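[1] could you work out the structure for the sequence below:
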Amino acid sequence: MSKSHLSNSLTAVAKLPKGLPEDRVPVVVHARVCGPFSVFLVFDDGVSKQVNLKRRVKGPVFKPFRDPQGFAKLRVDHECGTIVWSDQADIAPETLYLLPDERERAREPKARARRKKR
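    You can find the predicted model right below:
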């Protein structure tokens with residue numbers, strides 16, 4: 001198999017989900033807990049968002065981090081490029097990147113209310 005054929009077949013197999021940069025996996029560079037299960041994230045491409053992780057911290061590995069005090073122990077692991085709570089508990093950066101921004105949802109009712117007033 002030629003190198004170009006191999007490269008094309010790998011590209012077809014390794015397609016990233018829609019919404020991710022096409023050439024790389026985003027990296028978390030900053031994270032700050034801003035609510036019981038909410039985190040403000042900044043990625044290496046400048047994208048920032050506030051995401052709710054309540055539905056993501058499931059399974060036995062996340063059990064110690066399901067209460068607000070445990071959840072608040074999250075940190076950025078710059079080697080892995082994502083948020084972690086311990087050596088075993090993390091969420092993939094591409095998953096975080098694809099989550100909706102809570103701030104957008106909070107703005108929607110206000111925008112609708114403004115439109116109705118007009």
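[2] can we go C-alpha only for contacts and neighbour counts from here?
    Noted.
[3] helix, strand, or coil at Asp23?
    coil (DSSP: H, G, I helix; E, B strand; the rest coil).
[4] if I look at it, how far off is Phe40?
    Plainly put, Asp23 is 24 Å away from Phe40 if you go by Cα to Cα, to the nearest Å.
[5] contacting residues for Lys73?
    65, 85 (Cα atoms under 8 Å, 6 or more residues apart in numbering).
[6] again, only using 7 Å
    Neighbour list for Lys73: Trp85 [criterion: Cα atoms under 7 Å, 6 or more residues apart in numbering].
[7] got it, and Lys54?
    With contact set as Cα under 7 Å, 6+ apart, Lys54 has these partners: Phe37.
[8] roughly how far apart are it and Phe65?
    Taking Cα to Cα, one finds Lys54 at 10 Å from Phe65.
[9] of Asp23 and Phe40, which one has the most company?
    Neighbour count, other Cα atoms under 10 Å: between Asp23 and Phe40, Phe40 has more, with 18 against 8.
[10] in a helix, Glu104, correct?
    Yes - counting by three-state DSSP, Glu104 is located in a helix.
[11] go ahead and confirm Arg103 touches Val51.
    No - checked against Cα atoms under 7 Å, the pair Arg103 and Val51 is beyond contact range at 8.3 Å.
[12] between the two, which is the more surrounded one?
    Val51 (22 against 12).
[13] in contact with that one, which residues?
    Contacts of Val51 were listed using Cα under 7 Å, 6+ apart, and they are 38-40, 99-102.
[14] show me the beta-bridge partners of it.
    Going by DSSP bridges, Val51 is paired in beta bridges with Val39.
[15] could you measure it against Pro100, distance?
    6 Å.
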